Each structure stands twice: as structure tokens, then as C-alpha cells.
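Asks: take a look and give me a structure for this.
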Amino acid sequence: MVGLGVYLSYNLRQMELQDLETELSTEARLLSDILSDDMARLSADGQLDQAAKRWSAILNKRVTLIDANGTVIGESHEELATLDNHLDRPEIQQALSTGIGRNVRFSQTLGQRLMYVAVPVTNEGQLVGFARTALPIVQIQSKLAVVIRTILVGSIIAAGLAILIAAIIAEYTSRPIRQLTEAVQTLTLDDQTLKPLRFTKDEIGQLAQAFNDMSSQLHIQYDELETERTKLKAVLTQLTDGVLIVDREGDVQLINPAAQRMFAIRDQDAMGASLAKVVRQHQLFDLYRLSKETGESQLTTLEVPAQRLYIQSVAIPLGNVLPGSILMVIQDITQLRHLETVRRDFISNISHELRTPLASIKALAETLQDGALEDPPAARRFLSQMEIEVDALSLMVQELLELSRIESGKVPLQLKEVRPIELLITAEERLHLQAERSGLNLEIQADPGLPLVLADPPRMVQVIVNLLHNAIKFTPPGGKVTLSADHKNDIIVFSVADTGVGISAEDLPRIFERFYKADRARSGGGTGLGLAISRHLVEAHHGQIWALSEEGRGSIFFFSLPIVK
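Replies: Purely as a prediction, here's the structure:
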């Protein structure tokens, strides 16, 4: 509309100027025709100035009459005396050369812009003067102002209507786009409350429908991935083996709780940290580097002294799944190593325990074969010794079977409520005579009113008898053995204290192992299984067993049982 206004204004101005020029030219020619015969006479009579004023009033134009020399001889709007020579005026010069002169300029006389049209006045082919008409172009400016005002008002109205219509159309068009934009900005895969967008049948509707389909598919895929991630997290969390994924830069990208416990590091400290910083074992880093260089699985076993661990680790390249990354599976084989040690010790101990009675039996048999049968008293003595050795072997086999049954849980416990002092009295009665023969003072220190414990009486008496038997065996004559029971929190603590030879600090942690004997105990006989059987029986009752001892100053064996609530 602005461009149209400028265009129309320019063209209207040109048209108005053209019309004004035509009008002034016609009127100037008319005056020229009128003056062609009488201009010289009227000029001599001084009548042209009045004629110019009269014609100006009739034509409503400024009329100027100029002689051939450029002197103004008639002027409708000014005094002749104030006017200078007009021969050099552009319209006069143009009229001389072309027969008509036109010019638009500012008039110093009238103080405004005028259009001048001048035509020559001739008489019988001789130039006698010029007739000039003029009109201020302010009239044209007034007409143009009206046109421009009309165009401006129309433009404003049209622009207002256009803006209103554009706003309505824009709102109608952009509303679904804004809704779609908001939906995209607020879309989160775990947000199940996002409502599907309503859509029309145009292009925006097609885009909204495509977004709804994409959102549904993303949520389905997210749910599937979340399910798989939950399964993987559950497996990694419950897995007892340590699992790490290390990228091509040697930084840890995944670590499960088992690995965190092995290397005493938190998840937030491990993620993104270098493998060397996390595991702090150069063997494991060398394993990772070798697997990365060769592209093949690598295996190593090492000891971690700080955590007292034996671990076995395998490094597996992940290939196309995660190019450049290495999966490291770390297995804690400490328990396996311990079991292997126990197995070796068991074989060594049982071999040692069996060697002595078997060798003794073989020696006695060979002696009998060599002629001792001919000496009845000696033969009976040898047979009696062989019976002792066989009884020792039978006892060992019986205790081994008993220990095996207890460890495997095949010995059912007949639990019932029993008074602690009754267990102590029963055990004391069984070994009272043996203590007297050994010259020992055996006594019981327990409150008869102690809370009841839930136990299998024969089995717990067996535990007390085993501890009491050892105390009697390793306490010199004149010593003292004390049986006691005390109430502490929710348990009853039983103890067997002696003033015997004691146990060295080196041997004390292992006395409850099968076949383990301190050096002093080996000279006293026995199978070395009594304490192991006692430990398993106490633990089967949900109790604990332990010992305190100082070599040369006696020992105290404790075990606890929960009270009846």
C-alpha cells in the first residue's frame, strides 16, 4: 500500500503538472493571439498593465506581458517598477528557441513555487513581445495531499484488516505447531502421562499424527530397554563376581557392586576414572592392555594382600558390540583357595593320624608272625595293643562320620527348653571321676535361675564334655577346672576354664580346624576332631564358640546359646 501510494502520488503529480501546463499554454496562446495586432498600440497607450490585471481576474492566473526586449509592460500581481528585465528567464529563452517555454521555479516576488508558460507574440512575422501565464503549484500539492491522505487512510484501514486477518490465520495455523513444539519440549521417555495430540487433515495434522506415532514407538522401545536394563542391573547387582567395562582410553565405564567391594571404591569415584586408579593392581592393568593389543581373551590369577583376597580375572574384548572396550570379569577365589588349603591339610592330617596306628598294628602283626605267637603272654600283650590301636582307628572313623553328618546337616537337632546349669551338671558328672584321677579340682559356677536356652541337650552336653575332656587332659595334677554360665544380653555364655599348659598365640586361631593339634596336644593322643565337632554343633544352635589362652597359664573356652524369649 505504501508503494502504491508513492506510485500514485508521483503519477498524479505528473498528470496535474501536465494538465496545468496544457491549461497555461492554451491561455498564453489565447493572449498571444489577442495581442498580436494591438500589442504595440496598447503598449504605447499604457493600457497593457490594466489589461493584464483584467485578464488575470478572468483566467484566475498570473498574467505577465513582456516586450521583445524583455521589459515587463503588463503584470497582474506586481508593480511594473519593481520588476527587472525578464529576457533571461528560462521560459522566455525557451519560447524564443522553440515557440513555447515552460518552467517551474520558486518566485522571489511571490514567495512560492509557480509554473510559468510563455509564448511569443508576433505581428506579421515580427516578434513584438511575450505573453506569460503562471499559477502556483500549491494547488497541485493540495490535490496531492487529499489523494495521499485518502491513500494513507485506506492503507491504515487495509493494514489493520490485514493484520487482524493475518493474526486470525496465524493463530489458527500456529496453534497446532505450538502444541507440537510444547509436546516435543516436554517429551520425556519415562513420562507416561503425555496425551496424544489432536490433529486435523492438513499438513500440520499429518505432522502431529507422525509425532503421536513416534512418541508411542519411543515409549514402547523405552519400556523394552528399561526392562532389559533392569534385568541387567539385577544380574550385575546380585552377581558375586566383579564386572568392569573399560573403554579404549582405559577409563571405567561400568562397575558392579561386587567389584566395588573387592577394590573398596564407590561407584561415583570409579565411573570415568582410569582402570589403574580403580583396581590399583598392575597385573590387572597389564591384563587389560594385553587383551586390547592382541584382541583375544586373557586370564590371570593374583593375590591382593591388602584385602587378603585371591582373585582370578579374565579380560574379554567386546569386538563389534563396543569397539575398543574390554569386559573384565573378576572372581573372588579366596574361599576356593581356603578350601583347597583345608583339603590339603585334611589329607595331611588324616594321613598323619592314620600312619601311627597302622604302623603300630603292622609292627605288632609282623612281631607275631616272627614267633611271638609261641610266647602266649607276649602274644596276648601284642593283641591287646593291637585292639587299642583298632579302637583308636574306629573312634577316628566314627568322629569323622559324625563330623561329616553334622556339617551336611543330616543330624536333626531335637531342640527343647533346658536350664543351663543342667547341661553343666550332666557334663561334670560324666567326667568327675576322670578329674579326680588326674588330681584336679572340678567345680561349677552358675546361677540356677538363669534363663532357659533352646538346645538339643545330648549334643550340647557333648560339646561341654569335649571342652572339659581337653581341659582335664592338659591340666597338670593339682590344677583347677571351672565350668560356668553367665547371662549377657539375649544369650547365655558357657565357659570351661583351666589352669593347664595353655595354647600358643600362633596355634590359637586354628584350634577349631579338623585334625589340627597344637604341639603340646599331639603328645596327649586324641583324634583332633573334638573341637571341630563342637564348633559345628554350637553353630547349628545359632551360637558362637571361641577361646582365650596364654601359654603356660591355662585356657578358657567359651560358647554362647540364645535364650528362650
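
Asks: ok, and what's touching stretch 4-18?
Replies: If you take CB atoms under 8 Å, 6 or more residues apart in numbering as the criterion, stretch 4-18 is touched by 104, 115, 137, 140, 143, 144, 147, 148, 151, 152, 155. No exception for glycine: its C-beta is placed from N, CA and C like everyone else's.

Asks: from these, pick the one nearest residue 93.
Replies: The nearest member of these to residue 93, counting by CB to CB, is residue 104 at 15.1 Å.

Asks: just say helix, strand or coil for the closest one.
Replies: strand (DSSP: H, G, I helix; E, B strand; the rest coil).

Asks: ditto for the one 10 residues further on
Replies: Per three-state DSSP, the secondary structure class of residue 114 is strand.

Asks: kindly report the same for residue 443.
Replies: Strictly by three-state DSSP, residue 443 counts as strand.

Asks: go on, residue 340?
Replies: Classification of residue 340 using three-state DSSP returns helix.

Asks: from here on, count from 31
Replies: Done: numbering now begins at 31, and the last item shifts to residue 370.

Asks: check what pLDDT it gets.
Replies: For residue 370, the model assigns a pLDDT of 79.

Asks: quickly list the domain ranges of the protein.
Replies: 32-173, 269-362, 367-438, 446-592 (automatic domain parsing).

Asks: got CSV for these, with distance to residue 242 and mean neighbour count too?
Replies: Converted to CSV, the domains of the chain look like this (distance: least, CB to CB, whole Å; neighbours: other CB atoms under 10 Å):
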stretch, distance to residue 242, mean neighbour count
domain 32-173, 45, 17
domain 269-362, 33, 16
domain 367-438, 60, 14
domain 446-592, 61, 18
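
Asks: ok, of those, where does mean pLDDT dip lowest?
Replies: domain 367-438 (a mean of 74).

Asks: before we move on, back to that, out of the domains of the chain, which is closest to residue 253?
Replies: Per CB to CB, nearest to residue 253 of the domains of the chain: domain 269-362, 22.1 Å.

Asks: measure how far that closest one is from the centre of its chain, please.
Replies: Put simply, domain 269-362 sits 22 Å off its chain's centre (CA atoms, centre = their mean, to the nearest Å).

Asks: quick check: the farthest pair among the contacts of stretch 34-48?
Replies: 145 and 185 (29.5 Å).

Asks: out of the domains of the chain, flag the one nearest residue 234.
Replies: Evaluated with CB to CB, the domains of the chain place domain 32-173 nearest to residue 234, the distance being 32.5 Å.

Asks: now do the same end-to-end measure for that closest one.
Replies: End-to-end distance of domain 32-173: 18 Å, with CA to CA, to the nearest Å as the criterion.

Asks: thought residue 105 was touching residue 82?
Replies: Yes - using CB atoms under 8 Å, residue 105 is in contact with residue 82, at 5.9 Å.

Asks: stretch 575-590: how far from the chain's middle?
Replies: Distance, stretch centre to chain centre, for stretch 575-590: 55 Å (CA atoms, centre = their mean).

Asks: what's in contact with it?
Replies: With CB under 8 Å, 6+ apart as the criterion, stretch 575-590 contacts 493, 497, 500-501, 504-505, 509, 518, 521-535, 538, 541-542, 564-565, 568-569, 573-574.

Asks: what's the closest non-adjacent residue to residue 530?
Replies: In space, residue 530 comes closest to residue 505 once its chain neighbours are excluded; the distance is 3.5 Å by CB to CB, 6 or more residues apart in numbering.

Asks: is the one you found in a helix, a strand, or coil?
Replies: Residue 505 - assigned by three-state DSSP - is coil.

Asks: could you measure from it over to residue 527?
Replies: Noted for residue 505: a distance of 10 Å to residue 527, by CB to CB, to the nearest Å.

Asks: end to end on stretch 147-163, go ahead and measure it.
Replies: End-to-end distance of stretch 147-163: 6 Å, with CA to CA as the criterion.

Asks: so what touches that stretch?
Replies: Stretch 147-163 has contacts (CB under 8 Å, 6+ apart) with 51, 54-55, 57-59, 61-62, 65-67, 69-70, 73, 89, 91-98, 103, 116, 119, 121-122, 124-126, 129-132, 146, 164.
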